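# Pasted the sequence and its predicted model underneath.
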Amino acid sequence: MVPVIALVGRPNVGKSTLFNRLTKSRDAIVADVAGLTRDRQYGEAVWQGRPYIVVDTGGLTGDEHGIDSIMAGQSLQAIEEADAVLFLVDARAGRTAGDEMIAEHLRKRDKHTFLIANKIDGADQDSIIGEFAPLGLGEPICIAAAHGRNINPMLEAVLVKGDIQAAPELDEDGNPIERPPVTPIGTKIAVIGRPNVGKSTLVNRMLGEDRVVVFDQAGTTRDSIYIPYERHGKPYTLIDTAGVRRRGKVFEAIEKFSVIKTLQAIQDANVVIFVVDAREGIVEQDLHLLGFVLDAGRALVVAINKWDGMEPGEKEYVKKELERRLIFTQFADQHFISALHGSGVGLLYKSVDQAYESAMTKIPTKRMTEILEAAVEEHQPPLVNGRRIKLRYAHLGGSNPPIIVIHGNQVDSVPRSYTRYLENVFRKVFKLSGTPIRVEYKGSD
Ligand code: GDP
Ligand code: GDP
């Protein structure tokens, strides 16, 4: 599971600055989830090959009332969902009453908390440590988010020495929840989408047809539920982010949609079924979520749900809109379905299987190189400073998504349009559908 780190602290201590620094390295797409979690931002980041999720909270003043207390509620929920909390304080402003109140709150919680003194630029670290020690959260880790100072040691302290992976989930009485281990089998499918698009209904449909084995589990607030099963003798595991199988009392209402759950499900899936409500169309939040799917390189099938009862004119309009707004997911199959009535659901499986096979495809280096040579022959790469870019051979560098590694000279100068051309050639020749493809270059000069 990808660990989740929440940034907490008074306004202006530098949370967004740190958030941007942590997530930028990877062009992370920030899901600003409107409506439900107005003031929380979620981003994905990677440090030394370790992915993690960063949550930027709205900011606690330590003196909450009115709108502030609503914001505080959001911050508190972010703390609840996180594996570790980075509590930021402003080294230039010194310790404030607000800091003390937040610290008091954090001390009462059983959460990994790291005290981070930001804005140390040029200041004497010993005096900063002395200043913040009374907060009772240990010695602060001193950083300057705006200048990127000490970020690596901080991440090492949190992600490596902090050992934050293992936090058990607690039930309402504060006891650790014991769950039988579930071994995913076959293709891992995550059904994701905004609240109310019909995910639960679809998951029920998908399991309802020809279901052979289902292991039921008690759910928890944060982790998705893994449901291994077979269909026509083929193994699958559904990652249920919607909480269909959940029996708990409070969960349904409050935690039906969780960004963290969605992000983790995307990370862990082989194929994502992205559910859209035909009546609502594609909204900003859909694009954010899709951004995460693309970023993770997952295979993708788009299900436009609630197609039942739509007027012909409406259908026409929705199709046009999809074409316009989903131009960046052209590789993915689209299905117009009714999860409620079951129409189109069987065809989804066909696309899922195809996307999975494409994503996991194995192609020998010899064959890849042949195709590269033929593509180059057909359409030469451009000249750079009077010299032609030379692409010599290709091999498969990974799967889900397939990574095509191309070796050659002056590869830094390959134009994007040429990369797209090669991508399309490989896609066509190897019949890769439903999965993004990554092309990477390795230079020999
Ligand atoms: P947030 O409200 O906690 O999200 O704080 P912001 O990230 O918006 O930062 C508040 C202000 O502090 C901005 O003007 C930042 O440029 C500034 N800031 C952030 N990090 C540093 C730092 O390391 N050094 C200095 N001097 N200023 C910083
Ligand atoms: P979730 O929040 O994404 O899990 O959405 P639900 O599965 O709970 O569905 C939200 C609402 O949409 C419920 O009232 C469903 O009955 C309704 N719904 C789901 N699928 C369909 C569909 O295909 N057609 C219609 N008309 N309604 C649907």
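Structure's in. What do you need? Ligands and ions are numbered 1, 2, ... in the order given.
# before we move on, what SS does residue 230 have?
The three-state label given to residue 230 by DSSP: H, G, I helix; E, B strand; the rest coil is strand.
# Please renumber the chain so that the first residue is 17 from this point on.
Right, with 17 as the first residue, what we last looked at is residue 246.
# any idea how far ligand 2 is from it?
The gap separating residue 246 from ligand 2 is 23 Å, by CB to the nearest ligand atom, to the nearest Å. For every residue, glycine as well, the C-beta is placed using N, CA and C.
# ok, that residue touching residue 252?
Yes: taking contacts as CB atoms under 8 Å, residue 246 lies within contact range of residue 252: 7.1 Å.
# Now list whatever residues contact both of the two.
residue 202 (CB atoms under 8 Å, 6 or more residues apart in numbering).
# The two - which one has more neighbours?
residue 252 (23 against 15; other CB atoms under 10 Å).
# Next one, pLDDT for the more buried one please.
Residue 252 carries a pLDDT value of 93.
# contacting residues for it?
201, 202, 203, 204, 205, 244, 245, 246.
# secondary structure class for the nearest residue to the second one once chain neighbours are set aside?
In space, not counting the residues next to it along the chain, residue 202 is nearest to residue 251; the distance is 2.9 Å by CB to CB, 6 or more residues apart in numbering. Assigned with three-state DSSP, residue 251 falls in the strand class.
# In contact with residue 251, which residues are there?
Residues in contact with residue 251 (CB under 8 Å, 6+ apart) are 201, 202, 203, 244, 245.
# what do you get if the cut-off is 7 Å, keeping everything else the same?
Applying CB atoms under 7 Å, 6 or more residues apart in numbering to residue 251 gives the contacts 201, 202, 244.
# quick one: it from residue 303, how far?
From residue 251 across to residue 303, the span is 32 Å (CB to CB, to the nearest Å).
# Equivalent analysis for residue 70, please.
Distance from residue 70 to residue 303, counting by CB to CB: 20 Å.
# contacting residues for residue 139?
With CB under 7 Å, 6+ apart, residue 139 has these contacts: residue 107.
# would it count as being in a strand?
No: per three-state DSSP, residue 139 lies outside any strand segment and is coil.
# Just the strands from the stretch 167-316 of the chain, written as ranges.
203-208, 241-247, 250-256, 287-293, 315-321 (DSSP state E, counting those that start in this stretch).
# could the ones you listed be laid out in TSV, adding distance to residue 398?
Output for the strands of the stretch 167-316 of the chain, formatted as TSV (distance: least, CB to CB, whole Å):
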stretch	distance to residue 398
strand 203-208	40
strand 241-247	48
strand 250-256	44
strand 287-293	36
strand 315-321	32
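# just for the protein, where's the confidence low?
17, 40-56, 74-93, 179-188, 190, 192-198, 225-239, 258-274, 461 (pLDDT under 70).
# go again using 50 as the cut-off
41-54, 82-83, 86-87, 182, 225-237, 260-272 (pLDDT under 50).
# which bits of it sit near ligand 1?
Contact residues, the chain versus ligand 1 (CB under 6 Å from any ligand atom): 25, 27-33, 75, 134-135, 137, 160-163.
# closest to residue 316 among these?
Minimum distance to residue 316 across the residues of the chain next to ligand 1 is 30.0 Å, recorded for residue 32 (CB to CB).
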